[in-house]
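Asks: Can you look at this prediction? I've put the sequence above it.
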Amino acid sequence: QLMKDYALPVAVSGTHGKTTTTSMISEILLKADTDPTLSIGGILKAIGGNFRIGHSDLFVSEACEYTNSFLSFFPKVGIILNVEEDHLDFFKDIDDILHSFHQFAKLIPNDGVLIINGEIPGADVILKDLSCRVVTFGGTAKYDYFPKQISCDENGHARFVLVNKDSEKPVSLGVPGIHNIYNALAAIALADVLSVDFSVVRSALSEFHGTERRFEYKGMMNGTTIIDDYAHHPTEITATLTAAINYPHKSLWCVFQPHTYTRTKALMKDFAKALSAAQNVVLADIFPARETDDLGISSKNLQDEIKPLNPNCYYFSSFEDIENNSFSIRKGETELMSGLFFVNGEFDEYIAKVLSYEGVFLIEAAPEHDPSFYCFEFPGESGTEYGFLRKIEGCGLSSVVLFSNDLPYQEANAIFQRLHFDKID
């Protein structure tokens, strides 16, 4: 309903990439001083959240297809990034999904614009009988906007030459992953529709470093890099792991929790193929979300599909089992955490558990990741402090501060001496 109050509402839709593309657009419009109203499906640092109220005619929002919610929007400009099978607890099949995207495109008025990935299988179904202007993007010269001379820098950030009509312009992205080129093409096409100067667009895209949970760097411990990503569809997983392969690392661990039984069952083989690209895969059990029927499956079924493709796949039925398992992450490796495990603020707790594979329960680090100070929390029951302290022995700590309500100082000091720590506070 908010869209009705704006002269130029923009709706960003697609199976994948909505949050990143909406964020790219937001960065461009903010840098262009257009004072937009923004609604984003993730946390964007530039606005300190996921919603911004502006005072211009521009309103940019994600538009999700699930339950056909995007058919309640009133876009003047619509963007369709891609269309694949997903949300099969609601849609019957891909034809049903394409029909919904066609209905979404039909919402755009005669004087509006549809910006669409021309490579979508079935794009002709979406484009049928539209009265609005259509702008396409894709990977070849068949489309209005396309890239060439694609490469990546040392951090996996994509660089390419943008081709539109007779112009060619270099673009460097501040986010990793070749898939983000397509997101950028959609954002650039919209910027042209809105007559934003390209120098502003290029600068905004190079300075955009992503939103939370989209290949988000969480920190490093003992040479292990921790990346968090929301990918929960096989295509998204493939894109994320491909980006990770281009990111500095020696080997790659992927910790994944599937989201919903229906998606996992319907796309089981696709999940297996996508996840097997990591050198090591750790599976948590399926997150049911809104579903109550487990359809007789668990992540064990997914492990069985992955094993013939990649034998280094481990399934644990609980997070406690993942925490307590002894598989190790060595220096220089990348731990990529995917799926929906990090909901409800659980990430900080989990990162501590992941790092405990190296013998550390990290609760807090000093500002700017100061390696000289770490705060560790003893999570065990009284009487098991020795086992916990064994975990952090040999981590190169110059001093340790132990907080305990009921461990006498003399006993604690004796433990520290046995473990060869040279100081106790």
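Replies: Nice, I can see it.

Asks: Distance check, residue 172 against residue 95.
Replies: 39 Å (CB to CB, to the nearest Å). Using the backbone N, CA and C atoms, a C-beta is placed for each residue, glycine as well.

Asks: more crowded one of these two?
Replies: residue 172 (13 against 10; other CB atoms under 10 Å).

Asks: for the more buried one, what are its contacts?
Replies: Contacts for residue 172 (CB atoms under 8 Å, 6 or more residues apart in numbering) come out as 153, 157-159, 202, 205-206.

Asks: what do you get for residue 282?
Replies: Per CB under 8 Å, 6+ apart, neighbours of residue 282: 253-256, 313-314, 316, 322, 327.

Asks: again with residue 132
Replies: Per CB under 8 Å, 6+ apart, neighbours of residue 132: 105, 108-114.

Asks: hmm, 7 Å instead?
Replies: By CB atoms under 7 Å, 6 or more residues apart in numbering, the residues touching residue 132 are 108-110, 112-114.

Asks: Next, format those residues as TSV and append neighbour count, pLDDT and secondary structure.
Replies: TSV is the format used below for those (neighbours: other CB atoms under 10 Å; pLDDT from 0 to 100; DSSP: H, G, I helix; E, B strand; the rest coil):
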residue	neighbour count	pLDDT	secondary structure
108	22	97	coil
109	12	96	coil
110	8	96	coil
112	20	97	coil
113	22	98	strand
114	22	98	strand
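
Asks: among the helices and strands of this structure, which has the poorest mean pLDDT?
Replies: The helix or strand of the chain with the lowest confidence, counting by mean pLDDT, DSSP states H and E, is strand 362-366 at a mean of 37.

Asks: picking that back up, ok, the contacts of residue 132 vs residue 191, which is closest?
Replies: Nearest to residue 191 out of these is residue 113 (CB to CB; 12.2 Å).

Asks: Okay, that closest one and residue 129: tell me how far apart.
Replies: Noted for residue 113: a distance of 16 Å to residue 129, by CB to CB.

Asks: now swap in residue 199 and tell me
Replies: 38 Å.

Asks: Assign the residue nearest to residue 318 when sequence neighbours are not counted to helix, strand or coil.
Replies: Closest residue in space to residue 318, ignoring its immediate chain neighbours: residue 285 at 7.2 Å, by CB to CB, 6 or more residues apart in numbering. The three-state label given to residue 285 by DSSP: H, G, I helix; E, B strand; the rest coil is coil.

Asks: OK, contacts around residue 285?
Replies: Neighbour list for residue 285: 298-299, 317 [criterion: CB under 7 Å, 6+ apart].

Asks: Same list as before, those that is, but in JSON lines and with neighbour count and pLDDT included.
Replies: As requested, the contacts of residue 285 are exported to JSON lines (neighbours: other CB atoms under 10 Å; pLDDT from 0 to 100):
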{"residue": "298", "neighbour count": "17", "pLDDT": "88"}
{"residue": "299", "neighbour count": "24", "pLDDT": "89"}
{"residue": "317", "neighbour count": "13", "pLDDT": "81"}
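
Asks: okay, how far is it across stretch 90-97, tip to tip?
Replies: This stretch, stretch 90-97, spans 10 Å end to end (CA to CA, to the nearest Å).

Asks: could you give the mean pLDDT of that stretch?
Replies: Averaged across stretch 90-97, the pLDDT comes to 91.

Asks: Off-centre distance for that stretch?
Replies: 25 Å (CA atoms, centre = their mean, to the nearest Å).

Asks: mind listing what's buried in it?
Replies: 91, 94, 97 (16 or more other CB atoms under 10 Å).

Asks: on that earlier part again, and the furthest pair within the contacts of residue 132?
Replies: Top of the distance list for those (CB to CB): 110 and 114, 11.6 Å.

Asks: So for residue 421, what's the pLDDT?
Replies: 49.

Asks: Repeat that for residue 292.
Replies: 82.
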